[in-house]
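# Take a look and give me a structure for this.
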Amino acid sequence: MPSPKHIEQIEALSELIKHEIKHNPIERGGVKWAVRNQNWYCVQLGVSVSTFRRLISKAPFVREQASIDGLKLCLLRICDTHEPATKTPQHLANIMRKIWIETVGKPVSGKQHGCLIGLAKVWPEGFQIEIFKTALKDWPAYMVGVKFVQDKMMNNGENVVFRFYKYPSIQVMRRFPEVGVELLGMKLQEAGMPLSAALEAAYMSQHIGG
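Next comes the predicted model:
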């Protein structure tokens with residue numbers, strides 16, 4: 001049960017967000033956000049950074065980070081109670097960026113981050129992170145799929161030069177996103193798990209073996 005103080009902080013933060021969205025909004029992912037740095041919120045609420053982060057980590061708040069004009073800012077909005085828990089491509093890209101660094105051990109360049117945003121947009125809604133993890137976990141299989149796609153391109157008269165990438169490549173994923181859908185679909189089927197309607201539709205439409 002939330003304490004009266006916690007409820008008061010949530011209500012105060014909600015009012016701040018509503019005010020910022022009304023007077024100084026930024027649009028991202030088709031929705032409006034309040035955009036300020038986290039220190040500003042902390043001063044307005046009279047709370048520490050750790051308390052502020054705990055507040056925004058749960059409903060009803062939706063958060064993202066953004067770099068605008070070289071400044072690291074916090075994007076916040078209030079999630080409607082009936083709104084599905086979807087994430088914007090930018091938020092998904094940030095998650096994939098973290099997974100990449102933890103898994104591959106290399107930083108993500110600005111160009112690569114743009115590719116991650118692109119992948120978040122083209123991969124089936126709700127499966128982007130799982131597809132990305134599957135690709136990193138079984139990269140050789142991803143490259144086999146890329147080779148298959150390029151063979152089909154060559155058969156259609158396109159000029160293609162195949163290059164095998166021994167290690168995961170974000171740019172290759174972005175160039176051949178359909179391979180990620182195929183790979184996850186195959187893994188789920190091999191495990192005897194049913195495909196959701198959304199994933200099955202994407203899997204059948206992008207089935208590279210067809």
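
# max-length helix in the protein?
Using DSSP state H, we find that the single longest helix of the chain is helix 4-23.

# my read is Val35 is in a helix, agree?
No. Using DSSP: H, G, I helix; E, B strand; the rest coil, the assignment for Val35 is strand, not a helix.

# Excluding sequence neighbours, find me the nearest residue to it.
In this structure, Val35 finds its nearest non-sequential neighbour in Ile26, 4.5 Å apart by Cβ to Cβ, 6 or more residues apart in numbering. All C-beta atoms are positioned from the backbone trio N, CA, C, and that covers glycine.

# try Leu45
With Cβ to Cβ, 6+ apart, the residue lying closest to Leu45 is Ala12, at 5.7 Å.

# For this structure, just list every one of the strands.
Assigned strands in the chain, in chain order: 25-28, 31-36, 61-68, 71-78 (criterion: DSSP state E).

# what's in contact with the third one?
So that's strand 61-68. Strand 61-68 is contacted from outside by 13, 17, 26, 28, 33, 35, 55-57, 72-79, 88, 90-91, 94, using Cβ atoms under 8 Å, 6 or more residues apart in numbering.

# quick one: strands adjacent to that strand?
With DSSP bridges as the test, strand 61-68 is paired with strand 71-78 (antiparallel).

# follow-up on the earlier one: please look at the residue nearest to Val35 and Leu75 and confirm they touch.
Yes. Assessed by Cβ atoms under 8 Å, Ile26 is found in contact with Leu75 at 6.9 Å.

# Now do the residue nearest to Leu45: how many residues are near it, please.
Ala12: 16 surrounding residues under other Cβ atoms under 10 Å.

# That one is in contact with Tyr41, isn't it?
No. Ala12 lies out of contact with Tyr41 (Cβ under 8 Å); the separation is 9.8 Å.

# Skipping adjacent residues, who's closest to the residue positioned nearest the centre of the chain in space?
Compute the mean C-alpha point of the chain, and by Cα atoms, centre = their mean the closest residue is Leu92, 1.0 Å away. Spatially, and ignoring its direct neighbours in sequence, Leu92 is nearest to Ala120 (3.8 Å; Cβ to Cβ, 6+ apart).

# ok so, going back, name the helices or strands packed onto the longest helix of the chain?
If you count contacts as 3 or more Cβ pairs under 8 Å, 6 or more residues apart in numbering; DSSP states H and E, helix 4-23 packs onto strand 31-36, helix 38-45, helix 49-56, strand 71-78.

# Show me the protein divided up by domain.
Domains of the chain are assigned by automatic domain parsing as 4-78, 89-205.

# Need the ones you listed in TSV (columns: mean pLDDT).
As requested, the domains of the chain are exported to TSV (pLDDT from 0 to 100):
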stretch	mean pLDDT
domain 4-78	89
domain 89-205	88
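
# hmm, back to that, so how far is the longest helix of the chain from its chain's centroid?
Distance of helix 4-23 from the chain centroid (Cα atoms, centre = their mean, to the nearest Å) equals 26 Å.

# joint contacts of Ile26 and Leu75?
Counting by Cβ under 8 Å, 6+ apart, the residues touching both Ile26 and Leu75 are Trp33, Val35.
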